[in-house]
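Asks: no FASTA, just this:
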């Protein structure tokens, strides 16, 4: 339960979001935000992505968005079995380890931007007139 949810770049353009938006008769951006609300609920209510004893209709009721869990289920972004609900790839996007991994990737990207391929900072290159 990290207290944050990663918004994946281009979420509102994913095919699954198009499908969810169409089923719920909302815009892609609204559908993406609804997905985030479901993932927030999951982050607060499970540590491993498994929610025993619950079905998609009950999840939609729990988050207060009629049909959202059923739409996520139809898109493959929510699974169910005899035990209950399963959030696929939950550990990739939720929890402290996911947060550390995403922060590390951000640091690496920032470092690569700040330095040239030869290790000379972009700022030093600009000052020397090489850029």
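Replies: Sure, I can see it. Note that the structure is predicted; figures quoted are calculated from it, not measured. Residues are numbered from 1 along each chain as shown.
Asks: where in the protein is pLDDT low?
Replies: Applying pLDDT under 70 to the chain flags residues 1-6, 92-106, 115-131.
Asks: repeat that for 90
Replies: Scanning the chain for pLDDT under 90 picks out 1-11, 39-40, 43-49, 89-131.
Asks: pretty sure residue 41 is in a helix, no?
Replies: Yes. Counting by DSSP: H, G, I helix; E, B strand; the rest coil, one finds residue 41 located in a helix.
Asks: tell me the contacts of the spatially closest residue to it that is not a sequence neighbour?
Replies: Excluding the flanking residues, the one nearest residue 41 by C-beta to C-beta, 6 or more residues apart in numbering is residue 63, at 5.0 Å. Just so you know, the C-beta spots here come from the backbone N, C-alpha and C atoms, and that holds for glycine as well. In this structure, residue 63 makes contact with 37-38, 41, 69, judged by C-beta atoms under 8 Å, 6 or more residues apart in numbering.
Asks: how about 10 Å then?
Replies: Contacts for residue 63 (C-beta atoms under 10 Å, 6 or more residues apart in numbering) come out as 34, 37-42, 69.
Asks: what do you get for residue 18?
Replies: Counted by C-beta under 10 Å, 6+ apart, residue 18 has contacts 12, 28, 31, 75.
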